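Asks: compute the structure for the input listed below.
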Amino acid sequence: MGFIAEGTTLNWPDSKQHIKYIKEHGILQFLNILKNMKDRSKDNLQWGDEIEYIVLNMNKEEKKARVALRAYDVLLELMVEERVNPENCKMLWRPEYGRYMIEGTPGKPYAGVSDILLVEKNMRARREAVAKMLNEDETLVTLGNFPQLGVTPTCSIPPHPFPPTGGVAMSRFLPDSIINPHFRFSTLTANIRERRGSKVQINIPLFKDKNTDPFIGHPSFKKHEVSPKQTKNEVHKVEQDEDHPQFCVDPEPIPYNIYMDAMGFGMGMCCLQCTFQCCNLDEARHFYDQMAIIAPIMLALTAATPIFKGLLSDQDVRWNVISAAVDDRTEKERSTDDEKHDRKGGLVDSVAEETPFAKSRYESISTFISPYPSNLPEYNDLRLPIHRPSYDTLLSNGVDELLSRHVAHLFTRDPLVIYSDKIEIDDVSRSDHFENIQSTNWQTARFKPPPPGSPIGWRVELRPMEVQISDFENAAFVAFAVIFTRIISSFDLNLYIPISLVDKNMQTAHKRNAVLSEKFYFRKHITGDEANESKEVVELTINEIMNGKDDFTGIIPLMRIYMDSAHISKETRQLIDQYLDLISKRASGELCTAATWMRNFVTTHKAYKQDS
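Replies: Numbering: from 1, shown residues only. Next up is the predicted model:
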């Protein structure tokens, strides 16, 4: 869950006076890292996975499942081993947004391809370690979200009053008690709401079935009357309901829409992420671009989240829900009617022009950064807001144009959680201010500089994948990501397409059953001389992208070719082949996604009334 520290956090009014200082010194910290580490090279592949878990209370008599808010207490017990014996932990545990959530990682990074043998074993060990600390009526699951979250007061144990209470999220559906008690999480929630000027608004399409009420996805509170002089955006501002003064007024109902109003609906969901140490800075930048391009494909392949707030949605994944759940843009920044919003390419100064941002801070990437010749200027075809003071400082200190654009774009966002006792710090030995902004730009891929004074090298993180139900499936997608890094290097993989098409692929990946029903923009030639000579982009199904077709080799066949020539043990190869078989069959439709399985379970259940 990003950069977490101990200390006192500042509310939004108190934070604003420090924003300029945090940004200035965040850039200085990045420059110091770059100065000290830019020539670091010959690092070996090290990597790891991160899984977010949900603890459920299972009432067998009532046949009801609820999120167990006791998970935070379990987390504190799990973390004892790390404090006592930090060098020999087989697994590490970290807090996540929901009080019912736990984040687990391997205790130490894996190395090379051969350590793929250890992944599934470690995932099982993590699950067993948590299980030992759970009560008899509790269980640990890897689900994209809890489908009933926000439905009733009894969706959690202990239950909460209804309407919910709390001055942090001000939600009509979720109480503040579901938020992890670490101050970072409540501060993040409140500061996003206050910076934005209203509660977050999450609207996703409702699945239309035979008996679906078009307004079932909206609350049954009294409707807010809109005066003729009010614009639609003005209705969304923070206002008080006289009956429930702690709440903000809801927006106008939208037919066939699921409405949610709190950060917990997004950050209370779970995912699977992988981080890779690269050989050097340039390789990390190139990996970042290639992973961002494959990210929409991985999102669709891992689709596992079709139900929100107890309703079947008309999409299969979680990404846009989280994007809206942490969208701190003001009304002006969210505006889509400004002519600058549609400008193709180029840089826009976010400070001077009060520019609208096309994206939330949780989104797909907006600029490629590889220094390799394959990254042509024409691929960066999006209008890119930048923080001009940061950009100028980076360029004047010798940072190249592409990397300066990237970092200055990150710094258009304000720091959301500032610790009062960690403002004036050493910019050489610490990177807190850089990480403050870096870690709250939640994008499909993340370029990660080495921490100061650490043996860790330049890294890149693949972030879009939905967590899978079983350890085997999660291990399969981790293994796929590892081998993907190897074919980038071995085959000089070139996946570049205009970044605007990557955004369109992200939109496509959200569609119901996108893995089988949709086509995605993809480069026709991705290896060899043809990849360098032809920039042709075609539309392919995920089956064609993964398994290939007559004139396209496919990602999985390339992986098998790589393994044929690599020094991989028979045992490792057999296991990786099993993992790739799973993904190949998922791509072809022989095996369905978790989202399709869940949707079919609901729609074929005898109690389902065809009402979504």
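Asks: quick one: low-confidence residue ranges for the stretch 151-300 of the chain.
Replies: 219-250 (pLDDT under 70).
Asks: can you list the buried residues in stretch 35-46?
Replies: 37-38, 43, 45-46 (16 or more other Cβ atoms under 10 Å). In short, each C-beta sits where N, CA and C put it, glycine included.
Asks: again, but for stretch 106-115
Replies: Applying 16+ other Cβ under 10 Å to stretch 106-115 flags 106-107, 109-110, 113, 115 as buried.
Asks: nearest to Ile19 among those residues?
Replies: Pro109 (34.3 Å; Cβ to Cβ).
Asks: any idea how far that closest one lies from Val482?
Replies: Relative to Val482, Pro109 is positioned 12 Å away (criterion: Cβ to Cβ, to the nearest Å).
Asks: please apply the same query to Leu376.
Replies: Distance, Leu376 to Val482, by Cβ to Cβ: 28 Å.
Asks: more neighbours: the two, which one.
Replies: The neighbour comparison of Leu376 against Val482 (other Cβ atoms under 10 Å) goes to Val482, with 23 against 11.
Asks: then the more buried one would be within a helix, right?
Replies: Yes: the assignment for Val482 by DSSP: H, G, I helix; E, B strand; the rest coil puts it in a helix.
Asks: and Arg512, what does it touch?
Replies: Contacts for Arg512 (Cβ atoms under 8 Å, 6 or more residues apart in numbering) come out as 207, 306, 314-316, 599.
Asks: switch the cut-off to 6 Å
Replies: For Arg512, the contact set (Cβ atoms under 6 Å, 6 or more residues apart in numbering) comprises 314-316.
Asks: what does Ala304 give?
Replies: Counting by Cβ under 6 Å, 6+ apart, Ala304 has contacts 144, 466, 594-595.
Asks: which stretches of the stretch 251-400 of the chain form strands?
Replies: For the stretch 251-400 of the chain, the strands defined by DSSP state E, counting those that start in this stretch cover 257-260, 272-277, 307-308, 311-312, 347-349, 362-363, 384-386.
Asks: those strands: which one's closest to Val502?
Replies: Nearest to Val502 among the strands of the stretch 251-400 of the chain is strand 362-363; the distance by Cβ to Cβ comes to 11.0 Å.
Asks: any figure for the gap between Val84 and Leu78?
Replies: As judged by Cβ to Cβ, Val84 and Leu78 stand 12 Å apart.
Asks: by mean pLDDT, flag the weakest helix or strand of this structure.
Replies: helix 232-235 (a mean of 38; mean pLDDT, DSSP states H and E).
Asks: one step back: in helices only, show me the contacts of Arg512.
Replies: Assignment to helices by DSSP state H places none of the contacts of Arg512 there.
Asks: one step back: closest one to Glu24 among the strands of the stretch 251-400 of the chain?
Replies: Between the strands of the stretch 251-400 of the chain, strand 384-386 lies closest to Glu24; by Cβ to Cβ that is 15.2 Å.
Asks: and that closest one, average pLDDT?
Replies: Averaging pLDDT along strand 384-386 gives 94.
Asks: over to stretch 539-553?
Replies: 95.
Asks: quick one: end-to-end distance for that stretch.
Replies: Terminal residues of stretch 539-553 lie 15 Å apart, using Cα to Cα, to the nearest Å.
Asks: buried ones in that stretch?
Replies: Those would be 540-548, 552-553, for stretch 539-553 by 16+ other Cβ under 10 Å.
Asks: low-confidence ranges in this protein?
Replies: 1-6, 219-250, 337-345, 350-354.
Asks: returning to what we had before: take the contacts of Ala304 and keep only those in helices.
Replies: Using DSSP H, the contacts of Ala304 in helices are 594-595.
Asks: now, of the contacts of Ala304, which are buried?
Replies: For the contacts of Ala304, buried by 16+ other Cβ under 10 Å: 144, 466, 594-595.
Asks: export those residues to CSV and tack on distance to Val151?
Replies: Formatted as CSV, these follow (distance: Cβ to Cβ, whole Å):
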residue, distance to Val151
Gly144, 16
Glu466, 21
Ala594, 20
Ala595, 19
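Asks: for Asn532, state which of those residues is nearest.
Replies: Glu466 (34.1 Å).
Asks: the closest one and Pro251, how far apart?
Replies: As judged by Cβ to Cβ, Glu466 and Pro251 stand 27 Å apart.
Asks: what is the neighbour count of Trp597?
Replies: 13.
Asks: what's the helix or strand for it?
Replies: Using DSSP states H and E, Trp597 falls within helix 594-603.
Asks: how about that helix: buried residues?
Replies: Per 16+ other Cβ under 10 Å, helix 594-603 contains these buried residues: 594-596, 598-599.
Asks: stretch 425-440 too?
Replies: 427, 430-440.
Asks: and the longest strand for this structure?
Replies: strand 46-59 (DSSP state E).
Asks: then it to CSV, C-alphas only?
Replies: In CSV, the C-alpha atoms belonging to strand 46-59 read as follows (Å, rounded to 0.1, in the frame of the first residue of the first chain):
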residue,chain,number,x,y,z
GLN,A,46,15.7,-10.7,-8.6
TRP,A,47,12.0,-10.5,-8.2
GLY,A,48,9.1,-11.1,-5.9
ASP,A,49,5.3,-11.2,-5.8
GLU,A,50,2.7,-9.4,-3.6
ILE,A,51,-0.7,-10.8,-2.8
GLU,A,52,-3.5,-9.1,-0.9
TYR,A,53,-5.8,-11.3,1.1
ILE,A,54,-9.2,-11.0,2.7
VAL,A,55,-10.1,-12.5,6.0
LEU,A,56,-13.8,-13.7,6.2
ASN,A,57,-16.0,-14.8,9.0
MET,A,58,-18.1,-17.8,7.9
ASN,A,59,-21.3,-18.3,9.7
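Asks: that one - contacts with which helices or strands?
Replies: strand 64-68, strand 101-106, strand 138-141, strand 272-277 (3 or more Cβ pairs under 6 Å, 6 or more residues apart in numbering; DSSP states H and E).
Asks: with distance to Pro455 added, can I get those strands in TSV?
Replies: Output for those, formatted as TSV (distance: least, Cβ to Cβ, whole Å):
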stretch	distance to Pro455
strand 64-68	38
strand 101-106	17
strand 138-141	32
strand 272-277	10
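Asks: those: which one's closest to Pro159?
Replies: Between those, strand 64-68 lies closest to Pro159; by Cβ to Cβ that is 7.8 Å.
Asks: tilt between that closest one and strand 46-59?
Replies: 130 degrees (axes from the mean of the first three to the mean of the last three Cα atoms, to 10 degrees).
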